[in-house]
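Novice: Based on what follows, work out the 3D shape:
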Amino acid sequence: MPVIVQKYGGTSVADAERIRAVARRVVGAREAGNDVVVVVSAMGRTTDELMVMAREIAALPTPRELDLLLTAGERIAMSLLSIAINDMGVPAASYTGSQAGIITDTRHGRARIIDIRPGRIREALEAGNVVIVAGFQGVSTAYDVTTLGRGGSDTTAVALAAALGAEFCEIYTDVPGVFTADPRIEPEARKLHAVSYEEMLELAASGARVLQLRSVEYARGNGVMLHVRSSFGDEDGTWVREADERMEKAIVSGVAHADNEAKVTVIGVPDRPGVAATIFRALADEGVSVDMIVQNVSHDGRTDVSFTSPKDDLPRIAGVMDRVAEEVGAEGHAADDGIAKVSLVGAGIRSDPGVAAAMFAALAEEGINIEMISTSSIRVSCVIRAEHAERAVRAIHARFNLAGEAGRRVHSPGAESADPGAEAAP
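Specialist: Residues are numbered from 1 along each chain as shown. This is a model prediction of the structure:
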């Protein structure tokens, strides 16, 4: 039988009633003649609540013990869902990440999957079971329980889909798909029928929370199509897949924003070769992710170097920067957690030179100052003050007419529109 992998987020299994609803959907897929593997997140805000409890006890909990604690939420959800499915007369068996054969590296809190050994899952499927797997977790090569980072259940599901040869992976969540902007901020945001892996990678990296970045990387690397859809309805969602000619006709796919980053500035850095390498090697060794980097023009042999990183990493960054600033002879360092990043993403940006100018103009008309700029071939990102983020999203969304038909090439008043690309199911 064909294998279907489904992933359900925390809101989808938030209470007993929703767990029973998910069980009915899973049973329906099984009765339609599919082998079904389900990956679940922790119920509701369980993980956040466990994290708060840990930090009430210790400001910096021991990473190994924190991973053991945080994986409890998924184990509860998988067991309850398995109980519900069995109660409906369909055999189901639940497995932790380690029991499912998910092998990771040894980094606690942000482990990466290095191997999938799905033998036990295959045996359970051959015995006629629906298989339920706890998301967000695995076992390291040192035999410790590890977690995959925020949103890691997405990566669990995609990795299992690849290992089991599933045609696609369904990501069930509390939104009906990927939108041109966060619909809570921009009511006119439009659901996209399909986006390319490349575009989804940029959207996820830019703050779109519908999919974890690493899960999209894994999907692209293994050719797994993703279907992002709502667990509260039956309508089609958004397909994430390889780009095709029709998809590439869209200049801009969406606007994303991130308010979970901070800007760190190393002040008065000696302007000599090797200094930047020393700074960013130290951050990499500490496992700190760096996004945007800007180095100012040198004056009197010194310059400032600024970069953005997740706010959650600020305590670790402060310790690293204290040491590195002294090592390289910098005057000091400062952190600013009052910023946000707003990004415009689209496969057509690489061929349209007017996109960046139109985005900057939209921000200027709103009186929003740009502090940092970063670009790729399909993305333009700006760092602004956090209090302006929602207004910036709405202004950019309107300037590019993203509420209109897919593929509109509208960048400024009076700009000519291209023929919108047709949309088709994969």
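Novice: Tell me if I'm right that residue 225 and residue 238 touch.
Specialist: No. Residue 225 is beyond contact range of residue 238, at 11.1 Å (criterion: C-beta atoms under 8 Å). To be clear about C-beta, it is placed using only N, CA and C from the backbone, and glycine gets the same treatment.
Novice: and those two? which has more neighbours close in?
Specialist: Using other C-beta atoms under 10 Å, the more surrounded residue of residue 225 and residue 238 is residue 238, with 23 against 18.
Novice: Excluding chain neighbours, what is closest to that one?
Specialist: Once flanking residues are discounted, residue 238 sits nearest to residue 177: 3.6 Å by C-beta to C-beta, 6 or more residues apart in numbering.
Novice: burial count for the one you found?
Specialist: 23.
Novice: Likewise for the one 5 residues further on?
Specialist: Counted with other C-beta under 10 Å, the neighbours of residue 182 add up to 20.
Novice: is it fair to say it lies in a strand?
Specialist: No. Going by DSSP: H, G, I helix; E, B strand; the rest coil, the assignment for residue 182 is coil, not a strand.
Novice: tell me which element the residue nearest to residue 238 falls in.
Specialist: For residue 177, there is no helix or strand it lies in under DSSP states H and E.
Novice: strands paired with the helix or strand where residue 195 lies, and their directions?
Specialist: Taking DSSP H and E as the definition, residue 195 sits inside strand 194-196. Next to strand 194-196 in the sheet, as set by DSSP bridges, lie strand 238-241 (parallel).
Novice: Tell me how far the strand it pairs with lies from the chain's centre.
Specialist: 15 Å (C-alpha atoms, centre = their mean, to the nearest Å).
Novice: Check stretch 74-86 too.
Specialist: 25 Å.
Novice: got it, and stretch 370-387?
Specialist: 18 Å.
Novice: and the end-to-end length of that stretch?
Specialist: Stretch 370-387 stretches 13 Å from its first residue to its last (C-alpha to C-alpha, to the nearest Å).
Novice: tell me the mean pLDDT over that stretch?
Specialist: Across stretch 370-387, pLDDT averages out at 94.
Novice: Okay, buried residues for it please.
Specialist: 371-372, 374, 378-384, 386 (16 or more other C-beta atoms under 10 Å).
Novice: One more: stretch 282-291?
Specialist: 282-283, 288, 290-291.
Novice: Can you give the distance of the strand holding residue 195 from its chain's centre?
Specialist: Strand 194-196 sits 15 Å away from the centroid of its parent chain (C-alpha atoms, centre = their mean).
Novice: ok, now stretch 49-66?
Specialist: 23 Å.
Novice: measure residue 368 to residue 389 for me?
Specialist: In this view, residue 368 and residue 389 are 9 Å apart by C-beta to C-beta, to the nearest Å.
Novice: just to revisit the earlier point, any idea which of the buried residues of stretch 282-291 is the one closest to residue 140?
Specialist: Of all those, residue 288 has the smallest distance to residue 140: 20.2 Å, by C-beta to C-beta.
Novice: Now do the same for the closest one: its pLDDT.
Specialist: So residue 288 comes in at 90 (pLDDT).
Novice: which strands and helices sit next to the host helix or strand of residue 257?
Specialist: Under the criterion of DSSP H and E, residue 257 resides in strand 254-258. Where contact means 3 or more C-beta pairs under 8 Å, 6 or more residues apart in numbering; DSSP states H and E, strand 254-258 is packed against helix 197-205, strand 339-345, helix 389-399.
Novice: got the contact list for it?
Specialist: 178-182, 185-186, 192, 195, 199, 202-203, 206-208, 340-346, 389-390, 392-393, 396-397, 400, 402 (C-beta atoms under 8 Å, 6 or more residues apart in numbering).
Novice: Could you quantify the relative orientation of it and strand 339-345 as an angle?
Specialist: 160 degrees (axes from the mean of the first three to the mean of the last three C-alpha atoms, to 10 degrees).
Novice: next SSE after strand 254-258?
Specialist: With secondary structure assigned by DSSP H and E, strand 254-258 is succeeded by strand 261-270.
Novice: Which SSE is immediately downstream of that following strand?
Specialist: helix 275-285.
Novice: Can you list the strands that the helix or strand following that next one pairs with?
Specialist: Next along the chain after helix 275-285, taking DSSP H and E as the criterion, comes strand 293-295. Sheet pairing of strand 293-295 (DSSP bridges) gives strand 302-310 (antiparallel).
Novice: What residues of the strand it pairs with count as buried?
Specialist: Those buried within strand 302-310 under the rule 16+ other C-beta under 10 Å are 302-310.
Novice: Identify the residues contacting that strand?
Specialist: Residues contacting strand 302-310 (C-beta under 8 Å, 6+ apart): 260-271, 275-276, 279-280, 283, 288-297, 317, 331, 339, 341, 372, 383.
Novice: ok now it, how far from the chain's centre?
Specialist: 24 Å.
Novice: next one: stretch 16-24
Specialist: Distance of stretch 16-24 from its chain centroid, counting by C-alpha atoms, centre = their mean, is 25 Å.
Novice: ok, now stretch 320-334?
Specialist: Worked out by C-alpha atoms, centre = their mean, stretch 320-334 lies 31 Å from the chain centre.
Novice: same check, this time on stretch 161-176
Specialist: For stretch 161-176, the distance to the chain centre is 15 Å (C-alpha atoms, centre = their mean).
Novice: CA atoms only for it, dumped as CSV, please.
Specialist: C-alpha atoms of stretch 161-176 as CSV (Å, rounded to 0.1, in the frame of the first residue of the first chain):
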residue,chain,number,x,y,z
ALA,A,161,8.6,10.5,4.5
ALA,A,162,12.0,10.4,2.7
ALA,A,163,13.1,7.2,4.5
LEU,A,164,9.8,5.4,3.8
GLY,A,165,9.5,6.5,0.1
ALA,A,166,6.3,8.5,0.7
GLU,A,167,5.1,10.4,-2.4
PHE,A,168,4.5,13.5,-0.3
CYS,A,169,4.2,14.6,3.3
GLU,A,170,1.1,16.4,4.7
ILE,A,171,1.8,19.1,7.3
TYR,A,172,-1.4,19.8,9.2
THR,A,173,-1.5,23.0,11.1
ASP,A,174,-3.9,25.7,12.3
VAL,A,175,-3.7,27.7,9.1
PRO,A,176,-4.9,26.5,5.7
